[in-house]
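Visitor: sharing a model prediction with you, sequence too.
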Amino acid sequence: MNPEARLAELKLELPTAPKPAGVYKPVVIVGNLAYVSGHGPLKPDKTSITGRVGADLDLEGGKAAARQVGLAILATLRSELGSLDRVKRLIKTLGMVNSTSDFREHPKVINGYSELMAEVFGPDNGVGARSAVGMGSLPGNIAVEIEAIFELNS
Amino acid sequence: MPRKFQPFAWIRLVWSSSFSLWRNAPASTPKREFQTGAGFAFSKPPRLVPLLGGARGGFRSKPERTIFLPKRETCLPLPKGEGRGEGEGRVISPAIPISTLAFSLTLLLLCGCATTNPPKPTGQAEARLVELKIQLPPPTKPSATLTPVVISGNLAFVSGHISRAADGKLITGRVGEDLDVAAGKAAARQCGLAILASLRQELGSLDRVKRVVKVLGMVNCPPGFKEQPAVVNGCSELFLDVFGKERGLGARSAVGVGSLPSHVAVEVEAIFEIE
């Protein structure tokens, strides 16, 4: 099943593709690779999920934020590409969690994003290389920021 | 793929080099000076250089716009055993402009020794591992949400690998607090070994690696810590030892992060070019 059909089946609501918050582009395409800028947990009501995981948010709250980042990335990709069906696979993700210094469960938080990608693009094409780390602070105190690289159909 | 002799590139180099020689000549009573950032000024914008895409890069400033470029520096890798940190590396300013050197080299080439010296073939990484008596840890297992290595075209994207000692135990703690720089560096080297193990698992042999493209080294450290590059060198030096000087050094970022999974000391992700 193609990604757009999966998205409809899962009844996922994508937020409006976010505008860049600085001097950068949301997506840059080089050859058949799409480099996606860092995205935050943007909700359809245009607010973002904020707070430090481990202090203001628990693991589940962080995971939900990471899933919301995934939805924002899908919105940007669809806006840039016209359709998510042009995406061949997820290649690499850098997941950054705004967390306390003693927080240890970053991979579980970023799983919120990874599970969404696996649902939309499939268990093979939707699972890529990944790094999950904790940041001392993030723009606007958002809970999670994620950047990613996707491969496009040629 | 071996580098080929490119006559047009050399002609272009010779052309831009001759401009460089002209620019190096003392200017007599310059009316308007243009700072090149390379330690000298010249009185007239060299209009032909940007048109031909000279080796120094296009210089397109109009007379009213003066662009200050950072001073050109050359960083030489240090011999083994000495520090290779960004802070420690020998940074020298070239006494002779590089393009002048290129000009002389071209003359030599044109004088009859027009043969190219192809870079060493790939495929020696496995032999180097044996030579260095390096044992790789077991490769990272894929999970439902993560693949250790993804290959797209001729690029291998490697997931973040965390610091794990040879006995399988995680190397944990904050560098600059619980661990010193040397221990952090050893942890970064372990990340590099784990990356090599995953790469070998995916590719069958490390001899298929053409070069290191990019490394992102993330150090678990307190806000005041400044030695992230020296820590990440533990991984970079391993790649240098295994893949050699030409293929083992890539672009790199070394940063400090507020926390890491399971409180490990270092996490490193990397991109490699493969055959």
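Guide: Here it is on my side, so go on.
Visitor: got the residues of chain B near chain A?
Guide: B:142, B:144-150, B:152-153, B:157-160, B:174, B:216, B:218, B:222-223, B:256-263, B:267, B:269, B:271 (Cβ under 8 Å from any Cβ of the partner chain). Every C-beta, even on glycine, is put in place using the N, C-alpha and C of the backbone.
Visitor: how does it look with 7 Å?
Guide: B:144-150, B:152, B:157-160, B:218, B:223, B:257-263, B:267, B:269 (Cβ under 7 Å from any Cβ of the partner chain).
Visitor: any of those buried? List them.
Guide: B:145-150, B:152, B:157-160, B:218, B:257-261, B:263, B:267, B:269 (16 or more other Cβ atoms under 10 Å in any protein chain shown).
Visitor: would you tell me what the next helix or strand after the longest helix along chain A is?
Guide: Ordering each helix of chain A by length in residues (DSSP state H) puts helix A:59-81 first. Per DSSP states H and E, helix A:59-81 leads on to strand A:87-98 as the next helix or strand towards the C-terminus.
Visitor: just checking: what are the partner strands of that following strand?
Guide: Strand A:87-98 pairs in its sheet with strand A:129-135 (parallel), strand A:144-152 (antiparallel), by DSSP bridges.
Visitor: show me which residues of the last one are buried.
Guide: Using 16+ other Cβ under 10 Å as the test for burial, strand A:144-152 gives A:144-151.
Visitor: format those as TSV; extra columns: pLDDT.
Guide: Below are the buried residues of strand A:144-152 laid out as TSV (pLDDT from 0 to 100):
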residue	pLDDT
A:V144	97
A:E145	97
A:I146	97
A:E147	97
A:A148	98
A:I149	98
A:F150	98
A:E151	98
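Visitor: let me know the closest of those residues to chain B.
Guide: Within these, the smallest distance to chain B is 4.8 Å, found for A:E151 (Cβ to the nearest Cβ).
Visitor: distance of the closest one from A:Y35?
Guide: If you measure A:E151 against A:Y35 using Cβ to Cβ, to the nearest Å, the figure is 11 Å.
Visitor: repeat for B:L260
Guide: For B:L260, the distance to A:Y35 - Cβ to Cβ - is 24 Å.
Visitor: again, but for A:N153
Guide: Relative to A:Y35, and taking Cβ to Cβ, A:N153 is found at 17 Å.
Visitor: pick out whichever of the two has more residues nearby.
Guide: A:Y35 (16 against 10; other Cβ atoms under 10 Å in any protein chain shown).
Visitor: what's the distance between the residue in the stretch 1-150 of chain B positioned nearest to chain A and B:L216?
Guide: Going by Cβ to the nearest Cβ, chain A is nearest to B:T145 of the stretch 1-150 of chain B, at 3.6 Å. According to Cβ to Cβ, B:T145 and B:L216 sit 19 Å apart.
Visitor: list the buried residues for the longest strand anywhere in chain B?
Guide: Longest strand in chain B, counting residues (DSSP state E): strand B:209-220. Judged by neighbour count (16+ other Cβ under 10 Å), strand B:209-220 contains these buried residues: B:209-213, B:215-220.
Visitor: from those, which is closest to chain A?
Guide: B:M218 (5.2 Å).
Visitor: ok, now how distant is A:L33 from chain B?
Guide: 7 Å (Cβ to the nearest Cβ, to the nearest Å).
Visitor: let me redo that: A:P26
Guide: According to Cβ to the nearest Cβ, A:P26 stands 20 Å off from chain B.
Visitor: quick one, phi psi at that residue?
Guide: Main-chain torsions, A:P26, degrees, to the nearest 10: phi -60, psi -40.
Visitor: that one contacts A:S37, correct?
Guide: Yes: with contact defined as Cβ atoms under 7 Å, A:P26 counts as touching A:S37 (5.3 Å).
Visitor: pull up the overlap in contacts between those two.
Guide: A:P20 (Cβ atoms under 7 Å, 6 or more residues apart in numbering or on different chains).
Visitor: stretch A:65-80 close to chain B?
Guide: No: on the criterion Cβ under 7 Å from any Cβ, stretch A:65-80 is out of touch with chain B, staying 10.6 Å away.
Visitor: picking up where we left off before, got the contact list for the residue of the stretch 1-150 of chain B closest to chain A?
Guide: So B:T145 contacts A:111, A:114-115, A:118, A:127 (Cβ under 7 Å, 6+ apart).
Visitor: now do it against B:L155, distance only.
Guide: 21 Å.
Visitor: A:S37 now?
Guide: 19 Å.
Visitor: picking up where we left off before, please save the CA atoms from the longest strand of chain B in PDB.
Guide: What follows is strand B:209-220, C-alpha atoms only, in PDB (Å, rounded to 0.1, in the frame of the first residue of the first chain):
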ATOM      1  CA  VAL B 209      34.300   1.300   2.000                       C
ATOM      2  CA  LYS B 210      35.600   4.000  -0.300                       C
ATOM      3  CA  ARG B 211      35.900   6.800   2.200                       C
ATOM      4  CA  VAL B 212      34.600   8.400   5.400                       C
ATOM      5  CA  VAL B 213      32.200  11.200   4.300                       C
ATOM      6  CA  LYS B 214      30.900  12.700   7.500                       C
ATOM      7  CA  VAL B 215      31.000  12.000  11.300                       C
ATOM      8  CA  LEU B 216      28.800  13.500  14.000                       C
ATOM      9  CA  GLY B 217      30.300  12.900  17.400                       C
ATOM     10  CA  MET B 218      28.100  13.700  20.400                       C
ATOM     11  CA  VAL B 219      29.700  13.900  23.900                       C
ATOM     12  CA  ASN B 220      27.700  13.600  27.100                       C
END
